[in-house]
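Enquirer: Compute the structure for the input listed below.
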Amino acid sequence: MRNVAKLVQLPRLTKKEMDVLDEQECNEFLEAARCERLFTMFSTALATGMRPEEYLGLKWKDVDLDRLCVMIRRTVIRVKGKPWFFSHPKTKTSARKVAIPAGLADELRSHRRRQCEERLRVGPAWQDLDLVFPSEVGTPPSHSNITQVYKRILRRSGLRTSLRLYDLRHTHATLLLKAD
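Expert: As a prediction, the model looks like this:
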């Protein structure tokens with residue numbers, strides 16, 4: 001008796017190089033995103049380094065614009081073929097307080113005013129989940145819709161369309177490291 005799996009040589013795992021935006025490209029991206037309904041969401045992603053499922057699960061009760069911070073308390077999870085649901089953050093340390101710049105706080109205030117106007121226009125069809133970045137009816141936006149808008153912004157700005165939405169998180173971290 002022997003374990004034949006021990007005879008197999010596993011292929012080496014190759015790590016994919018992270019693709020991030022530099023400071024100039026961030027400015028170009030945000031300028032191209034300014035006309036989009038989801039502008040503040042993309043701005044928040046770059047300014048905070050939050051994971052997409054974290055900023056999509058962000059509720060207004062988790063946002064303190066006076067103290068310039070947001071609390072990560074939940075994520076939005078989507079499993080193909082099943083309805084979305086809220087879950088706990090990825091790890092224990094993922095539940096955290098994240099500082100936001102004063103400029104983003106101002107952006108979020110404006111975003112909230114626009115959202116209230118949108119909610120009034122939609123009327124009873126609006127699902128009040130208190131989300132900071134909801135769809136046009138108050139629910140979490142679909143990943144495909146967000147990706148479609150994201151790719152449109154990348155094309156409009158002339159940036160690489162190979163950048164993934166998650167690369168905004170890596171961009172934030174890289175810019176923080178370069179600032180030190």
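
Enquirer: which ones are touching Arg73?
Expert: Neighbouring residues of Arg73 by CB atoms under 8 Å, 6 or more residues apart in numbering: Gly57, Lys59, Asp62, Pro89, Ala95. Using the backbone N, CA and C atoms, a C-beta is placed for each residue, glycine as well.

Enquirer: wait, which of the residues you listed is closest to Gly81?
Expert: Gly81 lies nearest to Gly57 out of those, by CB to CB, at 20.3 Å.

Enquirer: Which residue is the nearest non-sequential neighbour of the residue positioned nearest the centre of the chain?
Expert: In the chain, the centroid-proximal residue (CA atoms, centre = their mean) is Pro52; its distance is 3.2 Å. Nearest residue to Pro52, sequence neighbours excluded (CB to CB, 6 or more residues apart in numbering): Leu165, at 5.5 Å.

Enquirer: residue contacts, the one you found?
Expert: Leu165 sits next to Ala45, Pro52, Ile146, Thr147, Tyr150 when contact means CB under 8 Å, 6+ apart.

Enquirer: still on that earlier bit, if we only consider the contacts of Arg73, which is nearest to Gly158?
Expert: Gly57 (31.5 Å).

Enquirer: residue boundaries of the helices in the protein?
Expert: 23-33, 39-48, 52-56, 102-122, 143-157, 167-179 (DSSP state H).

Enquirer: From the contacts of Arg73, list the buried ones, please.
Expert: Gly57, Lys59, Asp62, Pro89 (16 or more other CB atoms under 10 Å).

Enquirer: Need phi/psi at Trp126.
Expert: Main-chain torsions, Trp126, degrees, to the nearest 10: phi -70, psi 130.

Enquirer: thought it was touching Glu117?
Expert: No - if you go by CB atoms under 8 Å, Trp126 and Glu117 don't touch, sitting 11.6 Å apart.

Enquirer: Between the two, which is the more surrounded one?
Expert: When Trp126 and Glu117 are compared for neighbours, Trp126 comes out ahead with 17 against 10, by other CB atoms under 10 Å.
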